[in-house]
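# Next come a sequence and a model predicted from it.
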Amino acid sequence: MRRRSFLFSSLAWAQEPTPIRVDVNLVNVPFSVTNASGKLIDNLTAADFEVWEDGVPQKIAFFSRAANSPLTLAVVADVSGSQEDYLKEHRRDLRDFLKTAMKPQDRAMLICFGANVYEVSTADTRPDRLDDALKEFQKAKRLGDYRKLGNPEIRQNSSSFYDAAVESAKALQGQPGRRAIILFSDGEDNSSARNLLDAIEAAQEYSATVFALRYTELRKGQWTARNKYGRSVMQRIANETGGLEFDAALDDHLREAFRQIADTLRTSYDLAYTSSQSERDGTFRKVKIRTKREGLRTRHKTGYFARAGSGPG
């Protein structure tokens, strides 16, 4: 977590009627709430929740609903091998999703990866222009015009999934409001300098919720060991960051996935608290948000690493 000056708005739990400035170490936690049937609930207030860190109750300092916060979305597209053809087939579905899920004040960026990770468009891109950016990238004969993200590495294979996940989370650092990653891939990495835990930690550190859309090309209809590995990777990164994982191999599956993601983004919440554990000792801090109402459950990141010099939890 990083020490910074935080301006409480009228949404914050401040006693003064006018904004005040205080120095705090805030842990930010985006989350969603569903009932027993899986329906998203969007009419709750801060008084309906309790927050715990490593089993110790914490005081909520800030609370807001999705409707009151801008969204910055990172669309991360795997363009290696069969994934590239899959994306060409579904650019329209992506465009329709962006129109449905995002408001005029929201912004999106596009990151594509194969062996290397490329920034195709920055976070100030209007969502309706993302489809054109993806189309231009897929047609490009020279990728030297696009900025590579991350440290230069010697890469011998075709998919840097973990590096792309880390760099997309870092690219969301400092963006206002909610942050989410839409990740198209099969989860099968063979070129990264990072690993799965690095990817999860980066998304947790920058409060980026990952929605994983998995397209797995099966061999004669059979799951290989590598296919299963990729599936578990996509499931894990979504679960640890409070997001969702979908099998997007079929058209109706992808459309349903986009619908669920759009609904979640529109009905989510954000809260922040000042950790009662002020020391930055590098340990993992487990976070739990509980509702005071019967029959409701929350989905959020599982925790964060309290590393010196890191960003907000």
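That came in fine, so what should we check first? Numbers count the residues shown, from 1 in each chain.

# Low-confidence regions, this protein specifically.
1-24, 82, 309-313 (pLDDT under 70).

# Let me see the ranges of the helices in it.
Applying DSSP state H to the chain gives helices spanning 82-89, 91-101, 130-139, 161-171, 196-205, 225-240, 251-267.

# Now render the ones you listed as CSV, adding distance to Arg179 and mean neighbour count.
Glycine gets a C-beta too; all of them are placed from N, C-alpha and C. Shown next, in CSV, are the helices of the chain (distance: least, C-beta to C-beta, whole Å; neighbours: other C-beta atoms under 10 Å):
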stretch, distance to Arg179, mean neighbour count
helix 82-89, 22, 16
helix 91-101, 14, 17
helix 130-139, 16, 16
helix 161-171, 8, 26
helix 196-205, 9, 22
helix 225-240, 15, 18
helix 251-267, 11, 17
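
# Which segments of the protein make up each domain?
4-63+273-305, 71-266 (automatic domain parsing).

# hey, which of the ones you listed is tucked in deepest?
domain 71-266 (a mean of 19; mean count of other C-beta atoms under 10 Å).

# Quote the end-to-end distance of it.
10 Å (C-alpha to C-alpha, to the nearest Å).

# For Ser32, find the nearest of the helices of the chain.
Closest to Ser32 of the helices of the chain is helix 251-267 (C-beta to C-beta; 5.2 Å).

# which residues touch the closest one?
32-33, 40-42, 66-67, 71, 90, 93-94, 96-97, 100-101, 178, 180, 182, 211, 213, 244, 246-248 (C-beta atoms under 8 Å, 6 or more residues apart in numbering).

# tilt between that helix and helix 82-89?
Angle, helix 251-267 to helix 82-89, by axes from the mean of the first three to the mean of the last three C-alpha atoms, to 10 degrees: 80 degrees.

# okay, the angle between helix 251-267 and helix 91-101?
Using the same axes, to 10 degrees, helix 251-267 lies at 20 degrees relative to helix 91-101.

# how long is stretch 206-224 end to end?
33 Å.

# ok, the residue nearest to Asp42 when sequence neighbours are not counted to Arg107 distance?
Spatial nearest neighbour of Asp42, excluding adjacent residues (C-beta to C-beta, 6 or more residues apart in numbering): Thr267 at 3.7 Å. Going from Thr267 to Arg107 by C-beta to C-beta, to the nearest Å gives 20 Å.

# hmm, back to that, looking at the helices of the chain, which is nearest to Pro57?
helix 196-205 (20.7 Å).

# just checking, what packs against the closest one?
In terms of contacts (3 or more C-beta pairs under 8 Å, 6 or more residues apart in numbering; DSSP states H and E), helix 196-205 is packed against helix 161-171, strand 208-214, helix 225-240, strand 303-305.

# Dump that helix to CSV, restricted to CA.
In CSV, the C-alpha atoms belonging to helix 196-205 read as follows (Å, rounded to 0.1, in the frame of the first residue of the first chain):
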residue,chain,number,x,y,z
LEU,A,196,0.6,-16.9,-12.2
LEU,A,197,1.2,-15.5,-8.7
ASP,A,198,2.8,-12.4,-10.2
ALA,A,199,-0.3,-11.9,-12.4
ILE,A,200,-2.7,-12.4,-9.5
GLU,A,201,-0.7,-10.1,-7.2
ALA,A,202,-0.6,-7.3,-9.8
ALA,A,203,-4.4,-7.4,-10.3
GLN,A,204,-5.0,-7.4,-6.6
GLU,A,205,-2.5,-4.6,-6.0
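
# got a list of contacts for it?
Contacts for helix 196-205 (C-beta under 8 Å, 6+ apart): 161-162, 165-166, 169-170, 181, 208-210, 233, 236-237, 240-241, 301-305, 307, 310-313.

# between that helix and strand 208-214, how big is the angle?
Using the same axes, to 10 degrees: helix 196-205 against strand 208-214 is 130 degrees.

# Please state the offset of helix 196-205 from the chain centre?
Relative to its parent chain, helix 196-205 has a centroid offset of 10 Å by C-alpha atoms, centre = their mean, to the nearest Å.

# Use 8 as the first number for this chain going forward.
Taking 8 as the first residue, the last one we looked at is helix 203-212.

# any idea how far Asn158 is from the residue nearest to Asp49?
On the measure of C-beta to C-beta, Thr274 and Asn158 end up 38 Å apart.
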